[in-house]
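Engineer: using only what follows, build the 3D model:
(3 chains)
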Amino acid sequence: MDDQARIMQSIGGVSLAGHSVQGGMALPPPHGHDGTDGDGRKQDIGDILHQIMTITDQSLDEAQAKLHEFSLHLLVYFLNIIVMFLIFVFPGLSIRGAQEEDPPDPQLMRLDNMLLAEGVAGPEKGGGSAAAAAAAAASGGAADNSIEHSDYRAKLTQIRQIYHTELEKYEQACNEFTTHVMNLLREQSRTRPISPKEIERMVGIIHRKFSSIQMQLKQSTCEAVMILRSRFLDARRKRRNFSKQATEILNEYFYSHLSNPYPSEEAKEELAKKCSITVSQVSNWFGNKRIRYKKNIGKFQEEANLYAAKTAVNAAHAAAAAVQNSQANSPTTPNSGSSGSFSLPHSGHMFLSMQSLNGASYPGAQVGAIVQAQVGATNGGWQDVPTPSSVISATEGPGSVHSDTSD
DNA sequence: GTAGATGATTCTCG
DNA sequence: CGAGAATCATCTAC
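Structural biologist: Residues are numbered from 1 along each chain as shown, chains lettered A, B, ... in the order given. Modelled structure (predicted):
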């Protein structure tokens, strides 16, 4: 009994990374320290894990608080090791699984990989900014979502900090505890023979216990990151309207290619770049636009007129600039072309341009009529009409980006 | 709160 | 695989 009292006293004073456990019995009543691994405690931790998994409707701050709470519980859970240790230290008690060599746990590897990929584990890279950037690209937002992404990064950094603090704490506790156990064993060796192998085995048990705690920490961190991701970066949940400028660029392209509104891959890339969105977003936009335009041409008439006029004005500006340029470059040949035959993109819209300039009152019946005529020519069904009006935009090749001077 | 607008997703078809 | 069509989910103006 003296031995036990001495050991209890010694263990009672173990400092667990700042969590001094006086007397060893100050911990909450262990549910199953009768030689088992504390099933009740496992139940507690299971409950906490469950809580963490079901916090989707709570704020992230709450989630982080949970994480803290969880780590505290883990520390309590860790104290169960002491109980196990007591069972083990006294000769004659069985050491189940002590000889088992732990193979590399695939689950642990998955968790490690994920934490690494998310920028939580591994070297500091701006609090997972790489992952955030990748996620940003995936969700399609650029400028518009930057605020949210900085928010995302901030939260991720918080998670990262908590994770590293806890991890460090556990490692420190593991080392302290191992040292302490070694000292105890050394002390014990005075009363009974203890082989180095036995010490090694003991250390193995301790490390295994700690790594299982670490795994739970990693698991809950992964879950927190997943919640964070789904909240901040789910494209559908966080649908944002494109900026006014982006919509204008897309509309300009659409209406200036009304006869064949199918941008090529290069055109899509160019538009995506101009609008600060992704190529797939451009594709989505054109897909939606074509369908909705076709469904209700009348509704889009005004818009069509507006953009036709806009294009016309742009073309006129470009024309003026071109004329000015040519005059500057070759003053001997003023206005060398025939009336209105500037070498411009959209020869079809050049007509619009001249009309609107002459008419001087757009968006009026003239432009509207022209657009109407163009729409009428294609009848809204682009691909099934080998429309002669497709020649209009064919002058600059199908899908080439409209490069007006407004850019 | 609601209707309409809008970006994204899913399914089907050629 | 890209486009059309239907639909979903969210945003926005009222």
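
Engineer: average model confidence for stretch A:179-188?
Structural biologist: Across stretch A:179-188, the average pLDDT comes to 83.

Engineer: return the alpha-carbon coordinates of that stretch using PDB.
Structural biologist: Once non-C-alpha atoms are left out, stretch A:179-188 reads as follows in PDB (Å, rounded to 0.1, in the frame of the first residue of the first chain):
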ATOM      1  CA  THR A 179       9.400  11.700 -18.500                       C
ATOM      2  CA  HIS A 180       7.500  11.400 -15.300                       C
ATOM      3  CA  VAL A 181       6.600   7.800 -16.000                       C
ATOM      4  CA  MET A 182      10.200   7.000 -16.700                       C
ATOM      5  CA  ASN A 183      11.200   8.500 -13.400                       C
ATOM      6  CA  LEU A 184       8.600   6.500 -11.700                       C
ATOM      7  CA  LEU A 185       9.700   3.300 -13.300                       C
ATOM      8  CA  ARG A 186      13.200   4.100 -12.400                       C
ATOM      9  CA  GLU A 187      12.100   4.500  -8.800                       C
ATOM     10  CA  GLN A 188      10.100   1.300  -9.100                       C
END
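
Engineer: so where is the stretch 51-200 of chain A shaky, pLDDT-wise?
Structural biologist: Low-confidence segments of the stretch 51-200 of chain A (pLDDT under 70): A:51-103, A:124-152.

Engineer: the same query, at a cut-off of 50, please.
Structural biologist: Along the stretch 51-200 of chain A, the parts satisfying pLDDT under 50 run over A:52-59, A:83, A:91-100, A:126-129, A:132, A:134-145.

Engineer: can you get me a residue count around residue A:294?
Structural biologist: 14 (other CB atoms under 10 Å). C-beta here means a position set from N, CA and C on the backbone, and glycine is covered the same way.

Engineer: does any part of the helix or strand harbouring it sit near DNA strand C?
Structural biologist: Using DSSP states H and E, residue A:294 falls within helix A:279-295. Yes - applying CB under 7 Å from any atom of the strand, one finds helix A:279-295 touching DNA strand C at A:283, A:287-288, A:290-291, A:294.

Engineer: what comes up buried for whichever helix or strand comes after that helix?
Structural biologist: Counting by DSSP H and E, the next helix or strand C-terminal to helix A:279-295 is helix A:297-329. By 16 or more other CB atoms under 10 Å, the buried positions in helix A:297-329 come out as A:300, A:304-316, A:318-319, A:326.

Engineer: and what of stretch A:105-119?
Structural biologist: A:108, A:111-112, A:114-115, A:118-119.

Engineer: just checking, which of these belong to helices?
Structural biologist: Here DSSP state H is the test, and these give A:108, A:111-112, A:114-115 as lying in helices.

Engineer: against DNA strand C, how distant is the residue lying closest to residue A:186 once chain neighbours are set aside?
Structural biologist: Residue nearest to residue A:186 in three dimensions, not counting chain neighbours: residue A:194, with 8.0 Å by CB to CB, 6 or more residues apart in numbering. The gap separating residue A:194 from DNA strand C is 62 Å, by CB to the nearest atom of the strand, to the nearest Å.

Engineer: quick one, what contacts residue A:194?
Structural biologist: By CB atoms under 8 Å, 6 or more residues apart in numbering, the contact set of residue A:194 is A:185-186, A:188.

Engineer: secondary structure class for it?
Structural biologist: Here residue A:194 is coil, with the state taken from DSSP: H, G, I helix; E, B strand; the rest coil.

Engineer: if we can go back for a sec, any idea which of the contacts of residue A:194 has the most stuff around it?
Structural biologist: Neighbour tally across these (other CB under 10 Å): the maximum, 18 neighbours, falls on residue A:188.

Engineer: what values do phi and psi take at the nearest residue to that one once chain neighbours are set aside?
Structural biologist: Once flanking residues are discounted, residue A:188 sits nearest to residue A:194: 5.9 Å by CB to CB, 6+ apart. Note on residue A:194: its backbone torsions stand at phi -120, psi 120 [degrees, to the nearest 10].

Engineer: got it, and residue A:262?
Structural biologist: phi -130, psi 90.

Engineer: any idea how far residue A:250 is from it?
Structural biologist: Note on residue A:262: its distance to residue A:250, by CB to CB, to the nearest Å, is 13 Å.

Engineer: with residue A:309 instead?
Structural biologist: 17 Å.

Engineer: then residue A:256?
Structural biologist: From residue A:256 across to residue A:250, the span is 11 Å (CB to CB).

Engineer: between these two, point out the one with more neighbours.
Structural biologist: residue A:256 (26 against 22).

Engineer: thank you kindly, that will do.
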